[in-house]
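Asks: Sharing a model that was predicted from the sequence below.
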Amino acid sequence: MPKYDLEKIRFATDAPTFQKAAALYESGKIHNFQFAGAGYTATVLGSSPYQVYVSDRSYDQGSCTCYLGQNDTLCKHMVAVAIWAVTKGKRMSEEDKQTASEPVSSGKIGILSKQDLLAIKKSITEGMRYIKSYSGPSRIWFAYQNSLDEGCARLSEIVSKLPVSPQTAEILLDMLLRLDAKLSSSGVDDSNGTVGGFMEGVVKILLEFARLDSRCKLSFRKLKGKETSFGWEDPLLAQFNT
Ligand SMILES: [Zn+2]
């Protein structure tokens with residue numbers, strides 16, 4: 001069994017590569033899938049047949065005879081073989097194929113049951129773990145940025161499904177404050193702006209929440225007097241004051 005699952009592949013691969021890989025997988029372009037030592041080999045039919053190897057420990061470790069693969073870049077062929085390794089040729093559902101995008105408001109009024117609330121909080125904490133401090137040498141810089149991307153992709157999917165209510169507005173605010181603490185004092189290096197961009201998206205969701213259910217504005221109160229890393233709280237406080 002591989003040490004990764006479809007979620008890992010979906011969240012940790014950039015969206016265009018994942019989409020192309022899923023299309024290769026679904027159109028039956030993967031042939032001769034075999035177990036090979038600590039990984040899997042297959043032939044992937046692209047513009048010519050490519051020989052692909054993917055590790056069973058980490059799906060982005062392996063090789064491919066295509067141009068990108070020969071230049072040590074994760075290619076759609078490797079990702080397609082990794083998908084096969086975890087799905088064993090089964091059909092992918094629409095959800096399986098969904099890739100991360102900007103966080104958006106679900107637009108649906110509602111509250112979470114106690115059980116769902118706990119589950120959401122747990123998954124937010126799990127997503128948060130990918131947004132970690134940077135301490136390594138510059139050669140692992142890209143792996144580090146990928147981890148921030150993956151964390152934001154995971155969180156983005158969670159928040160986009162939340163119903164609109166004061167209850168969920170609280171969850172989003174707490175998440176923003178936790179992310180802010182990471183940016184301002186925990187050594188998260190967001191030079192690429194991934195985390196900041198995600199946070200701005202969540203602020204937009206909260207403004208939408210306030211428009212759909214004005215009671216959500218009350219929860220913005222806890223931002224009063226807070227000094228945040230880049231002033232993201234300003235539009236929310238302006239709402240609270242109206
Ligand atoms: Zn390739």
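Replies: Thanks, I have the structure now.
Asks: and Lys204, helix, strand or coil?
Replies: Classification of Lys204 using DSSP: H, G, I helix; E, B strand; the rest coil returns helix.
Asks: How many residues are close by it?
Replies: In terms of burial, Lys204 registers 15 neighbours under the definition other CB atoms under 10 Å. No exception for glycine: its C-beta is placed from N, CA and C like everyone else's.
Asks: List the residues that contact Ala15.
Replies: Going by CB atoms under 8 Å, 6 or more residues apart in numbering, Ala15 touches Thr99, Ala100, Ser101.
Asks: can you list the residues that contact stretch 138-157?
Replies: Applying CB under 8 Å, 6+ apart, the set of residues contacting stretch 138-157 from outside is 11-12, 14, 98-103, 123-124, 126-132, 134, 136, 175, 188-190, 192, 194-195, 197-198, 201.
Asks: Find the residue ranges of this protein scoring beneath the pLDDT cut-off.
Replies: 242 (pLDDT under 70).
Asks: Please, where are all the strands along it?
Replies: Assigned by DSSP state E, the strands in the chain fall at 30-36, 39-45, 49-55, 62-64.
Asks: Would you mind stating the distance between the residue nearest the centre of the chain and the ion?
Replies: With distances taken as CA atoms, centre = their mean, the residue of the chain nearest its centroid is Ala153 (1.7 Å). Ala153 sits at a distance of 22 Å from the ion (criterion: CB to the ion, to the nearest Å).
Asks: ditto for Phe209
Replies: Per CB to the ion, Phe209 is found 43 Å from the ion.
Asks: Just to check, that residue is in contact with Val164?
Replies: Yes. Between Phe209 and Val164 there is a contact under CB atoms under 8 Å: 5.1 Å.
Asks: can you map out the helices along the protein?
Replies: Under the criterion DSSP state H, helices of the chain are mapped to 6-12, 15-26, 67-70, 76-87, 94-97, 114-128, 141-160, 166-185, 194-212, 234-240.
Asks: who wins for proximity to Gly225 among the ones you listed?
Replies: Proximity to Gly225 (CB to CB) singles out helix 234-240 among the helices of the chain, at 9.6 Å.
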